[in-house]
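Visitor: what follows is a predicted protein model with its sequence.
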Amino acid sequence: MESEVQDINSPEYKTETVSVTMNNEDPGSFATTASTSTTNEQLKQVGEKISEFLSDLPEYLTDFFGEYRRPIITVALVIGALIAVKLLLAILDAINDIPLLSPLFELVGMGYTAWFVYRYIWKAENRQELTNDFNSLKEQVLGKSGSI
């Protein structure tokens with residue numbers, strides 16, 4: 001038995017790729033039309049979803065704010081306080097850069113401290129007056145039943 005070996009590169013084994021189109025006038029028009037229509041449908045679906053989400057957005061936000069009102073307000077107050085502290089520090093730093101203004105404020109602070117000590121702390125009856133003023137202020141802020 002003799003086996004016969006044939007060359008794969010011979011013309012008998014070569015194949016051709018044949019492209020079949022549905023439209024003889026414009027090759028590939030069927031594929032282009034199909035992909036365009038599916039793309040348009042997908043775009044319509046995405047547009048409808050976005051439109052639906054945007055129409056329901058006020059309701060979502062109202063529900064979210066209603067459910068998380070206290071934490072949102074707390075976070076906003078903390079952020080506001082941080083911004084206020086940063087702003088105050090920036091203003092104080094700018095004032096400290098002005099010549100002679102910083103020492104003037106230090107003198108005013110020392111003068112007020114000396115007056116406060118002389119007015120309220122130096123004598124026993126003045127300390128009692130300070131205690132009464134402090135308790136009166138505490139009742140105004142916390143109410144009469146407030147005890148600290």
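Guide: Happy to help now that I have it.

Visitor: point out where the protein drops to low pLDDT.
Guide: 1-34, 145-148 (pLDDT under 70).

Visitor: try 50
Guide: 1, 13-21, 23, 29-31 (pLDDT under 50).

Visitor: what segments of it are helices?
Guide: 29-67, 69-96, 101-116, 124-142 (DSSP state H).

Visitor: make CSV out of those helices and add mean neighbour count.
Guide: Every C-beta, even on glycine, is put in place using the N, C-alpha and C of the backbone. Shown next, in CSV, are the helices of the chain (neighbours: other C-beta atoms under 10 Å):
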stretch, mean neighbour count
helix 29-67, 10
helix 69-96, 10
helix 101-116, 11
helix 124-142, 11
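
Visitor: with just CA atoms, put stretch 43-60 into CSV.
Guide: This file holds the C-alpha atoms of stretch 43-60, laid out as CSV (Å, rounded to 0.1, in the frame of the first residue of the first chain):
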residue,chain,number,x,y,z
LEU,A,43,-30.8,55.2,21.9
LYS,A,44,-34.6,55.6,22.2
GLN,A,45,-34.6,53.2,25.2
VAL,A,46,-31.7,55.1,26.9
GLY,A,47,-33.5,58.4,26.2
GLU,A,48,-36.7,57.1,27.7
LYS,A,49,-34.9,55.9,30.8
ILE,A,50,-33.1,59.2,31.3
SER,A,51,-36.3,61.1,30.7
GLU,A,52,-38.1,58.9,33.3
PHE,A,53,-35.3,59.4,35.8
LEU,A,54,-35.3,63.1,35.4
SER,A,55,-39.1,63.4,35.7
ASP,A,56,-38.9,61.4,39.0
LEU,A,57,-35.8,63.2,40.3
PRO,A,58,-37.7,65.8,42.5
GLU,A,59,-39.6,63.0,44.2
TYR,A,60,-36.4,61.0,44.8
